[in-house]
Each structure stands twice: as structure tokens, then as C-alpha cells.
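Visitor: Compute the structure for the input listed below.
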Amino acid sequence: MSSMLLSPFSPRYPTMLTYMLQNTEYRILPYLQWYWRTQDFSRVMKRRQLVPTRAARMLLWALRIGMVLQIVAGLLLLYFWYKYGLLGSWAFAVAIIISYPLVWAHAVVVPLLLGRWFIAMPRDARQIVRAERIFREHTGAKIAVAGSYGKTSMKELLVTVLGAGKKVAATPANKNVSPSHALWAQTLAGDEDILVIEYGEGAPGDVARFARRTHPTHAVITGIAAAHLDHYRSTEAAAKDIFTVASFIPNKSQVYVNGESGAARPFLQPGFNVYDRHGALGWEVGNVTFSIEGLNFTMKKGKQKLKLTSNLLGRHNIGPLSLAAALGKEFGLSDKQIAAGISQAKPFEHRMQPYRLSGAWIIDDTYNGNIEGIRAGAELLRELSAKRKVYVTPGLVDQGKETARVHEEMGRLIAASGADKVVLMKNSATGYIRKGLEAANFKGELQVEENPLEFYANLSHFVAAGDLVLLQNDWPDNYA
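Guide: Residues are numbered from 1 along each chain as shown. Below you'll find the predicted structure:
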């Protein structure tokens, strides 16, 4: 109780507020919602720390200076009351002093808005105009990658495979909105054969805006799932937004859609190319074998044949791999270059990334945040063999009005995965997942973990040799 009451008066309180702003991407409403549901600010920075960007440093100093000035003003009023006996001013002075945490938690919005209106927005607008010209005049192929999930993995896969024979550049990490596109455009040499541009939809109109500014010649739509439903009315609304990229592609046959995404199928148009675990662009997949260490398969088209080996895990990766290989042929890569590129593709960090721990295999899929990723993970767990299979998750975020439905489906998928033990991180989604497990008649052991950080920190003490443990998704601090 004392920690809860005293945490707003901690010297680290300004850092905590800045961290909350940064982790809500400086959006005022989500920040205030997080602030008002927080009871103990000393527990805010549990999973990560403040990244000292220029914007974060400026806001942190604004908070510190504002709080100090308010305290000084209160102390001066106390002095005047003591010195000159001003009636009632001591109570007002004390109120000013003790209210500074609450006042500046909200007053920080003012420098945030001023910085956004007078610094960030004009700067971004100038850079976006310059970048639009760069993209428009660039003679290379420009592949837009959009979807509710799998965008970064697809982007990295295309870079690795096509880069085996072409000069390829791609947007870095998950920098996938217009200001990030603009900064990246200025680093281009201009002689690239292929640009791969990730689109990070977050609100209606985003994808069309990105396409208008980057002038794509090709588009890959990786799939549709419930995501960002705090901004989109429904999954269908998000899908419509994502598929607007197709209207900017001159040749509809250069729009490639993941056929394994059921929610994407209603938006297919004549001329689109569909890729899935059976193949892509007329290439047929066969002879699939897989293990915890990767995939082997062949691709055939007429008399042509490719024999491929990849370090990526799970059947759900066959579709993206076959598309990357087929596009390699479209762009003129040799069979040897394509095979080399496929073999060099590795799991992206925290996306179906396997590693050894105390004799067990851990599959780190903690960046996953959608039901299709859960489906793929459950399928992988079911198909791999192990002495004991363990599934660990806190659930999904940003599911909006579909929260209950999605998490109950998640429980049913987990039950079908063959897991011997399920570990759920206790939060608002736990009850829905349990309901899905019960509906699917799950017979294994269920553990609800009160302290997720402690569990993950001591994972080596939890596992045993021969275990296979799948970790799916992680909740940021603002959802904990």
C-alpha cells in the first residue's frame, strides 16, 4: 500500500511517465487510459526500459523542469504565508506541492502536442514529400508487403532470397509507417533492382496513404486476422484497408495473396495470384519433410524442379518460401541462387525462433500477436515429437469486441495442439482461454501464472531434457 501511495513521488516518476508515453507511441488517449488504471507506478517498467530517443529526452526534461517549478512555486507560497501571514495560502501552497505528480502527468500533453505540431509534423511532411519523389522516380521493382501478420518475416524472406542474385533494399526492422519510409528513402542509392517496403497499417486509410507515397509495382498480402481493432471497427474493415494496396498495382497478376488466410479470401479479385503451402505462381510443392531444425521440400513447374532446404519452422512457412522462390525465378535468379537464398533464410527474432535450454527445445514466438499465428504454432506443436509438450501464452491484445471469441478459439486450438501442459499468464484474457480449453475437453495440466516475469526469468528451472516448449505472444506493460 505504501509503495502505491509513494510511487508518484519517486525521483523516477518522470521517467515512468515518459516510458508510458513512449510505449503508447505518444498517443494521448491510450497513455491517459494506462495512467488512470495504474495503481502502483513503481511496477510500470517491468518488461522494458525507456529508450532514450530525442523525443523521449525532451519530454523527460520538460516533465522534470515543470515538476521542479511547481514545487518551487508551492514553497514560495509557504514562505510568503510564514513571512507575511497571508490567510489560507499555506493550504493552497501544500496543495500545489503535493499535486505535482497528477498535474504534470496531464500537463505533459502540452509539450507533446507542441512538439508534434511545430516540430515533428512539419519535419515529417517535408521528408515525405522528398521521399515520394524518390519512390516515384526509382526504376527498380517496388514490392509492398501488407497484412495483419507475417509482414516482417515475409519482407526479410524476400530480401534474403531475392538478394542472392539482385541488389535489394528493404525498410529496416518494423519501421513501417510514412515517416519511417521517408527516412529510409533518403538512404537509397538509386540503383537497387528491388525495394521491399513494409506497410504497418494501424488506422483506416493508412495503406492507401502508404501506397500513394511509395508507388509500388508489386504487392504481397500476407493475411488477415483480428488486429488493431482498437482503431478498426472490425476485421473486415481492416481487410478492406489492407487490400486497397491492390488498386495501386498496375498489373493485378503482381498482387500475391496468402491463400491460407480464410479472412482474405472474400477480398480476392480476378487476376490476383494466390500462394499457399501447395505452391505459388504455377509452381507445385511436394516431398515436404520437417523437424525442429527446419523444412525440406521440392517445387516443380513443367520440367523445372527446385530442391529446397530452409531453417524456418512449420508448414505455414511453405507458402511464403514458395512465393519467394517463384518470385526469384520471375526476377531472373538461377536455381542455385534461389536454393542458396532459401537455405540462408532464418527465423526472425521472436518469430518461431528455436533454441536449446537445459536439454529442452524452446520455440520463441513471443512477437506473435494474432489468431493465425496461434493456429500455426498449435499445428507445429502437434506435428513435432517430444517427451513433454508445453504451451505458454498470455493471450492476445488489440482484439476489441472480438476479444472473447478470439480467445475462446485460441483455447480450442491449444487443446488440439497435443500440449501436455498449458501455462497461462493471468490477465483479462485468461478466463476466455480457459473456457475454450474446457469446451475442447482439454485433459492436460493447466497452470495459471501470477508473475509472468518471474516465470520467464526462471524458465530453465521449469523445463526438462526432452521438453518442447512453445512461447506465443507477450503483453507489453501497457496491457499488463
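
Visitor: Glu454 - that's part of a helix, no?
Guide: Yes. Looking at Glu454 with DSSP: H, G, I helix; E, B strand; the rest coil, it is inside a helix.

Visitor: That one: how many residues sit nearby?
Guide: 9 (other C-beta atoms under 10 Å). C-beta: built from backbone N, CA, C; applies to glycine.

Visitor: Could you measure from it over to Met425?
Guide: 11 Å (C-beta to C-beta, to the nearest Å).

Visitor: and the longest helix along the chain, how far from the chain's centre?
Guide: For the chain, the helix with the greatest residue count under DSSP state H is helix 54-84. The chain centre lies 38 Å from the centre of helix 54-84; the measure is C-alpha atoms, centre = their mean, to the nearest Å.

Visitor: now do stretch 424-433
Guide: For stretch 424-433, the distance to the chain centre is 20 Å (C-alpha atoms, centre = their mean).

Visitor: Stretch 201-208 too?
Guide: Centre to centre, stretch against its chain (C-alpha atoms, centre = their mean), the figure for stretch 201-208 is 15 Å.

Visitor: show me where pLDDT drops low in the stretch 151-300 of the chain?
Guide: 227-231 (pLDDT under 70).

Visitor: now do 90
Guide: Residue ranges of the stretch 151-300 of the chain with pLDDT under 90: 152, 173-177, 200-204, 225-238, 290-291, 293-294.

Visitor: What segments of it are helices?
Guide: With DSSP state H, counting those that start in this stretch, the ranges of helices along the stretch 151-300 of the chain come out as 151-162, 178-185, 206-214, 235-243.

Visitor: What helices and strands are in contact with the longest helix of the chain?
Guide: helix 13-23, helix 89-98, helix 100-107, helix 109-115 (3 or more C-beta pairs under 8 Å, 6 or more residues apart in numbering; DSSP states H and E).

Visitor: For my notes, please list the ones you listed in a markdown table and give mean pLDDT, mean neighbour count and distance to Gly431 for each entry.
Guide: A markdown table is the format used below for those (pLDDT from 0 to 100; neighbours: other C-beta atoms under 10 Å; distance: least, C-beta to C-beta, whole Å):
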| stretch | mean pLDDT | mean neighbour count | distance to Gly431 |
| --- | --- | --- | --- |
| helix 13-23 | 93 | 23 | 25 |
| helix 89-98 | 86 | 15 | 39 |
| helix 100-107 | 94 | 17 | 31 |
| helix 109-115 | 87 | 15 | 34 |
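
Visitor: Relative to Gly369, which of those is closest?
Guide: helix 13-23 (14.8 Å; C-beta to C-beta).

Visitor: between the closest one and helix 54-84, what angle do the directions make?
Guide: 150 degrees (axes from the mean of the first three to the mean of the last three C-alpha atoms, to 10 degrees).

Visitor: so Leu21 sits right up against Val109, yeah?
Guide: No. Look at Leu21 against Val109 with C-beta atoms under 8 Å: they stay out of range, at 9.1 Å.

Visitor: Reformat the helices of the stretch 151-300 of the chain as TSV; add mean neighbour count and distance to Val129.
Guide: Formatted as TSV, the helices of the stretch 151-300 of the chain follow (neighbours: other C-beta atoms under 10 Å; distance: least, C-beta to C-beta, whole Å):
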stretch	mean neighbour count	distance to Val129
helix 151-162	24	25
helix 178-185	20	8
helix 206-214	21	9
helix 235-243	20	23
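
Visitor: Ok, which of those comes nearest Gly314?
Guide: Here helix 151-162 is closest among the helices of the stretch 151-300 of the chain (C-beta to C-beta), at 11.1 Å.

Visitor: residues making contact with that closest one?
Guide: 143, 145, 147, 168, 170-171, 173-174, 176, 194, 196, 198-200, 220, 222, 312, 320-321, 324-325, 327-328, 331, 333, 338, 341-342, 344-345, 347-348, 351 (C-beta atoms under 8 Å, 6 or more residues apart in numbering).

Visitor: Roughly how far does the residue nearest the centre of the chain sit from Glu236?
Guide: In the chain, the residue lying closest to the centroid (C-alpha atoms, centre = their mean) is Tyr367, at 6.1 Å. Tyr367 is 25 Å from Glu236, where distance means C-beta to C-beta.

Visitor: What of Tyr100?
Guide: From Tyr100 to Glu236 the distance is 46 Å (C-beta to C-beta).
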